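J.: A predicted structure for the sequence below; I have some questions about it.
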Amino acid sequence: MSDEVKDMRSNLIKLCGEAEGYLEQHFSTILGSLPEDQNPLDHLNIFPYYSNYLKLGKLEYDLLSQHSSHVPSKIAFVGSGPMPLTSIVLAKFHLPNTTFHNFDIDSHANTLASSLVSRDQDLSKRMIFHTTDVLNATEGLDQYDVVFLAALVGMDKEAKVKAIEHLEKHMAPGAILMLRSAHALRAFLYPIVDSSDLKGFQLLTIYHPTDDVVNSVVIARKLGGSTTNGVNGTRGCMFMPCNCSKVHAIMNNRCKKMMIEEFSAIE
Ligand SMILES: C[S@@+](CC[C@H](N)C(=O)[O-])C[C@H]1O[C@@H](n2cnc3c(N)ncnc32)[C@H](O)[C@@H]1O
């Protein structure tokens, strides 16, 4: 890509990230202003991408279950936003006894998000919000069985790796890191997370959805814990070259690196 195209691309990435934030803010404000007798969580389907989050939440839950020997009691979601739909979908439909700690750099996002769940008997007790830049969150990150890192936290490769390195420093050994990555041309808008970005972690699975779910899911385990195989005995990953390697090499600005590490869990 020429420097001009690279600049265009980074402006587009920034614009899309801002747009996603405004989209969430808009619908979270509408939902939060419903009459007092209405539970905003009963009307989440007004959000245009709600069905994508239902699919992504199911996918992430299924992949997480393959690599965890127990139900996580505490999950951290970093970059939860005004519409913390990943936490809500997991809490409502998949993990009824898990507490979700949602971290966001933007206090207004947290104000909107907490009012979204405040009228729900169950989730008002299981959804907690913290306003901080993830890079300033140090103590306490070792109390989570699972840490999610939102796609929009770290919008370029360097920022993404910085966030991952910070989490590696503060997460508990053996804890699971769930990341969102991209595949093929989707990498034009979202940074690809590959094995070389996960120092200090054991890469477990990279899953590329083939439907309208945009994000790829990357699961890794912080080294140092008692590594337990997944419930169904999932073994390690296998190197499989991907035919999108040229696209990825360009998007990842790694023109020399022609092979991309492509992993898929072996059931
Ligand atoms: C728009 S949300 C998308 C996540 C989506 N709501 C979900 O449930 O998967 C992404 C959020 O990440 C937050 N964010 C970006 N950089 C961050 C950082 N360094 N630390 C904490 N939050 C951050 C933004 O403020 C934004 O609200």
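T.: Cool, the structure landed. Numbering: from 1, shown residues only.

J.: only C-alpha atoms for contact and neighbour calcs from this point on.
T.: Fine.

J.: so which residues of the stretch 1-150 of the chain form strands?
T.: For the stretch 1-150 of the chain, the strands defined by DSSP state E, counting those that start in this stretch occupy 74-78, 99-104, 127-131, 146-149.

J.: ok, the residue nearest the centre of the chain - contacts?
T.: Centroid-nearest residue in the chain, with Cα atoms, centre = their mean: residue 150, separated by 3.5 Å. With Cα atoms under 8 Å, 6 or more residues apart in numbering as the criterion, the residues that contact residue 150 are 77-80, 179-180.

J.: if we go to 6 Å?
T.: Residue 150 sits next to residue 79 when contact means Cα atoms under 6 Å, 6 or more residues apart in numbering.

J.: repeat that for residue 79.
T.: Applying Cα under 6 Å, 6+ apart, we find residue 79 in contact with 103-104, 150.

J.: which one of these sits closest to residue 210?
T.: Nearest to residue 210 out of the contacts of residue 79 is residue 150 (Cα to Cα; 19.8 Å).

J.: so residue 32 sits against residue 116, correct?
T.: Yes - assessed by Cα atoms under 6 Å, residue 32 is found in contact with residue 116 at 5.5 Å.

J.: between those two, which is the more surrounded one?
T.: Ranked by neighbour count (other Cα atoms under 10 Å), residue 32 and residue 116 place residue 116 first, with 26 against 21.

J.: I figured that one hits residue 33, correct?
T.: No - the criterion here is Cα under 6 Å, and residue 116 misses it with residue 33 at 9.2 Å.

J.: surely residue 178 meets residue 146?
T.: No - applying Cα under 6 Å, one finds residue 178 not in contact with residue 146, separated by 7.3 Å.

J.: which one of those two has more residues nearby?
T.: Between residue 178 and residue 146, residue 146 has the larger neighbour count (other Cα under 10 Å), namely 26 against 22.

J.: and that one, what are its bridge partners?
T.: For residue 146, the residues forming beta bridges with it (DSSP bridges) are residue 75, residue 176.

J.: which residues touch it?
T.: 75, 175-177.

J.: and those, which is closest to the ligand?
T.: When the contacts of residue 146 are compared for distance to the ligand (Cα to the nearest ligand atom), residue 75 wins out at 12.9 Å.

J.: can you pull the contacts of the closest one?
T.: Contacts for residue 75 were tallied using Cα under 6 Å, 6+ apart; they are 100, 144, 146-147.

J.: from those, pick the one nearest residue 7.
T.: Checking these against residue 7 by Cα to Cα gives residue 147 as the nearest, at 31.6 Å.

J.: ok, how many other residues are close to that closest one?
T.: Neighbour count of residue 147, defined by other Cα under 10 Å: 24.

J.: touching, it and residue 76? I think so.
T.: Yes - using Cα under 6 Å, residue 147 makes contact with residue 76 at a distance of 4.7 Å.

J.: check the contacts of residue 79 against residue 12 and report the nearest one.
T.: Using Cα to Cα, these come closest to residue 12 at residue 150, 18.2 Å.

J.: state the distance from that closest one to the ligand.
T.: Distance from residue 150 to the ligand, counting by Cα to the nearest ligand atom, to the nearest Å: 5 Å.

J.: check what pLDDT that residue gets.
T.: For residue 150, the pLDDT comes out at 96.

J.: residue 38 versus that one, what's the distance?
T.: 29 Å (Cα to Cα, to the nearest Å).

J.: repeat for residue 74
T.: 28 Å.

J.: so which residues on the stretch 101-250 of the chain come close to the ligand?
T.: When proximity is defined by Cα under 6 Å from any ligand atom, the stretch 101-250 of the chain lies next to the ligand at 103-106, 109, 132-134, 150, 152-153.

J.: now do the phi/psi pair for the residue nearest to the centre of the chain.
T.: phi -60, psi 150 (degrees, to the nearest 10).
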